[in-house]
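Novice: No sequence on hand, only this structure:
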């Protein structure tokens, strides 16, 4: 009898990348990026830990890339979708074309996080009413603490001659969304790496003040008015706490109407 996806302990698979969160630093795995994708059968997979900036250039995937990798189930994370990825086996094997994205994502889009949690799921593509986009400054202490953690991990990697990649610069701002679902009103910090990268690109090009104005206009006005989806994932230790791990614009797919 063939083992089900729920019980298989290891294997090799392909998935289309939907989530790539900003890097985090932990004691066990160092600097890692929490990523998630949907496999070719429509199942969500949480891919962790991935030390993204130490990957070879040919392995550094983005959203919509189709990747192949070997994996095993973790012993310390019981969430159904979680997989430990063997980074050495990771390869980009294609890209989901824009014309294919709506059909590929349609069955994954939901309007209730409570329903997903009650069904035992910890990843979701959420269609919600966006109420507000907020930009909050981090304190100097917070920024220095983040920078110190990344510098310590980088020093450890250098000690063992591990690939270093480009030094990570902590973002001085938090980008938050207040939104409404079928369950009611929620608020969360957007941890999407592309959102932070957009701020840094605009800051370099236009200066900080103009970059913040552009962020507010684009993420707070244009995206909600044109349509957007929130890629959500639960916290590893607080599994009924949903985090905003990504933002998908409707112009990256097609216009979807769920209401």
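Specialist: Nice, I can see it. This one's a predicted model, so the numbers in the text were calculated from it and none came from an experiment. Residues are numbered from 1 along each chain as shown.
Novice: Residue 146: which element?
Specialist: helix 140-159 (DSSP states H and E).
Novice: Under the pLDDT cut-off, which ranges of the stretch 1-150 of the chain? List them.
Specialist: Within the stretch 1-150 of the chain, the stretches with pLDDT under 70 are 1-7, 22-32, 53, 150.
Novice: can you give me the strands in it?
Specialist: Counting by DSSP state E, counting those that start in this stretch, one finds strands in the stretch 1-150 of the chain at the ranges 10-20, 24-26, 30-39, 44-50, 65-72, 82-95, 109-110, 123-126, 129-137.
Novice: Any chance of the ones you listed in a markdown table with distance to residue 253 as columns?
Specialist: From N, CA and C alone the C-beta is placed, and that goes for glycine too. Below are the strands of the stretch 1-150 of the chain laid out as a markdown table (distance: least, C-beta to C-beta, whole Å):
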| stretch | distance to residue 253 |
| --- | --- |
| strand 10-20 | 11 |
| strand 24-26 | 28 |
| strand 30-39 | 13 |
| strand 44-50 | 17 |
| strand 65-72 | 15 |
| strand 82-95 | 14 |
| strand 109-110 | 10 |
| strand 123-126 | 10 |
| strand 129-137 | 17 |
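Novice: Name the next helix or strand downstream of the helix holding residue 146, please.
Specialist: Once helix 140-159 ends, the next helix or strand along the chain (criterion: DSSP H and E) is strand 173-181.
Novice: Any buried residues in that following strand, and which?
Specialist: Using 16 or more other C-beta atoms under 10 Å as the test for burial, strand 173-181 gives 173, 175, 176, 177, 179, 181.
Novice: which of those lies closest to residue 81?
Specialist: Nearest to residue 81, judged by C-beta to C-beta, of those is residue 181 at 19.9 Å.
Novice: ok, the closest one to residue 188 distance?
Specialist: Distance, residue 181 to residue 188, using C-beta to C-beta, to the nearest Å: 11 Å.
Novice: Please apply the same query to residue 34.
Specialist: In terms of C-beta to C-beta, residue 34 sits 15 Å off from residue 188.
Novice: Tell me which of these two has more neighbours.
Specialist: residue 34 (22 against 16; other C-beta atoms under 10 Å).
Novice: Might one say that that one is in contact with residue 45?
Specialist: No: contact criterion C-beta atoms under 8 Å: residue 34 and residue 45 do not qualify, at 11.8 Å.
Novice: and residue 215, which of the three is it?
Specialist: What DSSP: H, G, I helix; E, B strand; the rest coil gives for residue 215 is helix.
Novice: Would you confirm that it contacts residue 171?
Specialist: No: Residue 215 lies out of contact with residue 171 (C-beta under 8 Å); the separation is 10.9 Å.
Novice: shared neighbours of those two, anything?
Specialist: Here residue 215 and residue 171 have residue 199 as joint contacts, going by C-beta atoms under 8 Å, 6 or more residues apart in numbering.
Novice: how does this protein divide up, domain by domain?
Specialist: Using automatic domain parsing, the domain parsing of the chain gives 12-97, 126-252.
Novice: Start and end of the longest one, how far apart?
Specialist: Taking C-alpha to C-alpha, to the nearest Å as the measure, domain 126-252 stretches 15 Å from start to finish.
Novice: Work out the gap between it and the centre of the chain.
Specialist: 9 Å (C-alpha atoms, centre = their mean, to the nearest Å).
Novice: Excluding sequence neighbours, find me the nearest residue to residue 37.
Specialist: Spatial nearest neighbour of residue 37, chain neighbours left out: residue 15 (3.4 Å); criterion: C-beta to C-beta, 6 or more residues apart in numbering.
Novice: Let me know how buried that neighbour is, in neighbour terms.
Specialist: Neighbour count for residue 15, taken as other C-beta under 10 Å: 23.
Novice: Against residue 111, how distant is it?
Specialist: In this view, residue 15 and residue 111 are 24 Å apart by C-beta to C-beta.
Novice: what does residue 94 give?
Specialist: Relative to residue 111, and taking C-beta to C-beta, residue 94 is found at 30 Å.
Novice: and the two? which has more neighbours close in?
Specialist: Ranked by neighbour count (other C-beta under 10 Å), residue 94 and residue 111 place residue 111 first, with 16 against 12.
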